[in-house]
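>>> coords below, sequence missing:
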């Protein structure tokens, strides 16, 4: 049991359009959405940049329909990678709540599943999957708590893309047996969003069971978000928060700060 | 070949359960009292009469009034010490839900359960949530005055339908061997509630629904619906009132009473856990006959056990 989430809404500079998409998502019943920033990874060093602060979008975030809390908006980074050497973890990653990777080749897919520090691996929706899903990398990703994502906006727009989305999804399900799958919109307009129960039904077309299809929009999304949160912690166990000291306390200190014993850090 | 095997799964719907009982109100062992009194959280009652003039008496008195406390709970206080409450705007498959009988019942998500540190049992339908049932009654009324609250009245709606095709029912044929089968009958009740045309006209693009056979055409039917937080006690008294209707000289051959439970209630009958998969139906329907016989249909959805 978890609240519904849509972890991929296309980021755009058009503030009004983004606000409209988020309002529609709240109206449909999604409690969490993530704004996607798509970056094509270059061979040479590149600046990914900080995302815009989410609090600038609304003074008062829209309330989720049927509940009394406002919708939660997060930032997500998707890296389109065609070569394993291009993927580098940079300092910019910490500004994003979720890191996703869109592998273009089988080698990158294998690396993404087994070693890359990502939360989500995207499955192609607009083209036929260029490689087959093999069991070892897929199971390796499942063990690491990485999720496979299927986007449905392309399927809404065009019938050929609908065929690609469904066939790619079904071939993934044959390997992963419905585990660790999330379904998100990838919506560029409010009309491309669909309600969470409708997406749970769409999951049945992808070959998911009733329980897995509903989890793909709720519990699995929550797990992917928690996986992203652990990146800001030490091994997911310790989290440090900078404590702000009031000005008068700082002046009172006489002795210089000394090295603390190792035990204190635990 | 593999895809067609997978798609055979698509033809199935999420499962639902329907329990049908037939008995008489005059029978000492009749369980109608128990079924009504154990279905605690009801949000809609609709009583219908087919074939005669006049309204359905007793409905307007049902429902009474309740409170909305700090926009977080719907509460009804009926007798000193008897108190019902259900959290408002909380979804059973997404949030923490609180219910008071006045026994405290909590359905909580994993994070809340870990924070509360209380003992509970794992939910039957949701992997990472728990159901906690208290053993002592809470006395809440003194606390109520601390929070802002507003009074709510249950809303009553009456509709009169004319020239309604209506299935013929025989009191002793519950299974519908000579007449209409229970699922088809309940489907017809739903169609009438939403005023769906059941003529199956060629020009209609909205509905190809047809009233089940054998059927008659009824001149007039009256539908009364009450919506709010409705108590089992109110439904009891409504049922008694409807039984007395047959004492009138000119009465129709049967009446129906449909009671819907809250889709987001943590329990359905007694302490049986209730969940919401794609629908949170937990309802029961009485069909009352002139000879004080009755049919009782109790229905639940995918994330529910079997009704009693």
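Noted; the coordinates are in hand. None of these values were measured; they are calculated from a predicted model.
>>> Please make it C-alpha for all contacts and neighbour counts, starting now.
Noted.
>>> Next, count neighbours for the residue of the stretch 51-200 of chain A found nearest chain B.
Nearest residue of the stretch 51-200 of chain A to chain B: residue A:67, at 4.7 Å (C-alpha to the nearest C-alpha). By the criterion of other C-alpha atoms under 10 Å in any protein chain shown, residue A:67 has 17 neighbours.
>>> Quick check: it touching residue B:87?
No: Residue A:67 is beyond contact range of residue B:87, at 10.7 Å (criterion: C-alpha atoms under 8 Å).
>>> For the residue of the stretch 51-200 of chain A closest to chain B, give me its contacts.
B:89-91 (C-alpha atoms under 8 Å, 6 or more residues apart in numbering or on different chains).
>>> Can you tell me which of those is closest to chain A?
residue B:89 (4.7 Å).
>>> how much space between that closest one and residue A:86?
Remark: distance between residue B:89 and residue A:86 (C-alpha to C-alpha, to the nearest Å) = 48 Å.
>>> before we move on, back to that, which element is the residue of the stretch 51-200 of chain A closest to chain B on?
Using DSSP states H and E, residue A:67 sits within no helix or strand.
>>> Repeat that for residue A:198.
Here residue A:198 is assigned to helix A:196-205, by DSSP H and E.
>>> What are the buried residues along that helix?
A:196-197, A:199-205 (16 or more other C-alpha atoms under 10 Å in any protein chain shown).
>>> can you give me the strands for the stretch 151-266 of chain A?
A:181-184 (DSSP state E, counting those that start in this stretch).
>>> What parts of it come near chain B?
The interface of the stretch 151-266 of chain A toward chain B, taken as C-alpha under 8 Å from any C-alpha of the partner chain, is made up of A:197, A:204-205, A:207, A:210.
>>> can we see that at 7 Å?
Proximity of the stretch 151-266 of chain A to chain B is confined to A:197, A:204, A:207 under the rule C-alpha under 7 Å from any C-alpha of the partner chain.
>>> Show me which of the residues you listed is closest to residue A:95.
Nearest to residue A:95 among those, counting by C-alpha to C-alpha, is residue A:197 at 31.2 Å.
>>> Now residue A:124: phi and psi?
phi -60, psi 140 (degrees, to the nearest 10).
>>> what comes into contact with stretch B:199-207?
Outside of stretch B:199-207, the residues within contact range by C-alpha atoms under 7 Å, 6 or more residues apart in numbering or on different chains are B:197, B:208-210.
>>> first to last residue in that stretch, what's the distance?
With C-alpha to C-alpha as the measure, stretch B:199-207 spans 9 Å from end to end.
>>> Spatially central residue in the chain, please.
Just so you know, I chose chain A. residue A:98 (4.3 Å; C-alpha atoms, centre = their mean).
>>> that's the wrong chain, I meant chain B
residue B:260 (1.8 Å).
>>> Any regions of the chain where pLDDT drops low?
In the absence of a named chain, this looks at chain A. The model of chain A has pLDDT under 70 over residues A:234-237, A:239, A:245-266.
>>> Hmm, no, I was thinking of chain B.
Residues of chain B that meet the cut-off, pLDDT under 70, sit at B:1-11, B:51-82, B:134-147.
>>> Touching, the residue nearest to the centre of chain A and residue A:79? I think so.
No: look at residue A:98 against residue A:79 with C-alpha atoms under 7 Å: they stay out of range, at 11.2 Å.
>>> And the helices in the stretch 101-250 of chain A?
With helices called from DSSP state H, counting those that start in this stretch, the stretch 101-250 of chain A shows them at A:106-114, A:135-144, A:153-157, A:159-176, A:196-205, A:210-215, A:219-229, A:247-252.
>>> for chain B, which strand is longest?
Longest strand in chain B, counting residues (DSSP state E): strand B:215-230.
>>> for that strand, which positions count as buried?
Buried, per 16+ other C-alpha under 10 Å, within strand B:215-230: B:218, B:220-230.
>>> which pair in the residues you listed spans the largest distance?
Applying C-alpha to C-alpha across the buried residues of strand B:215-230, the maximum distance is between B:218 and B:229, 32.3 Å.
>>> Nearest residue to the residue in the stretch 101-250 of chain B positioned nearest to chain A in space, ignoring adjacent ones along the chain?
When scored by C-alpha to the nearest C-alpha, the stretch 101-250 of chain B has residue B:126 as its residue closest to chain A, at 5.2 Å. Once flanking residues are discounted, residue B:126 sits nearest to residue A:1: 5.2 Å by C-alpha to C-alpha, 6 or more residues apart in numbering or on different chains.
>>> what's the answer for residue B:122, then?
Closest to residue B:122 by C-alpha to C-alpha, 6+ apart is residue B:130, at 4.4 Å.
>>> Assign that neighbour to helix, strand or coil.
strand (DSSP: H, G, I helix; E, B strand; the rest coil).
>>> so it bridges to which residues?
Under the criterion DSSP bridges, residue B:130 forms beta bridges with residue B:108, residue B:122.
>>> Okay, buried residues for stretch A:209-219 please.
Applying 16+ other C-alpha under 10 Å to stretch A:209-219 flags A:209-219 as buried.
>>> and what of stretch A:38-45?
A:38, A:41.
>>> Which residues does that stretch contact?
A:77-81, A:86.
>>> Stretch B:288-296 now?
Taking C-alpha under 7 Å, 6+ apart as the rule, stretch B:288-296 contacts B:20-26, B:171, B:246, B:253-256, B:284-287.
>>> Just the ones of those residues in helices?
With helices taken from DSSP state H, there is no overlap with these.
>>> Selecting buried members of these in PyMOL, what would you type?
Restricted to buried positions by 16+ other C-alpha under 10 Å, the PyMOL selection for the contacts of stretch B:288-296 reads:
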select buried, chain B and resi 20+22+23+24+25+171+246+253+254+255+256+284+285+286+287
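>>> Many thanks, I have nothing further to ask.
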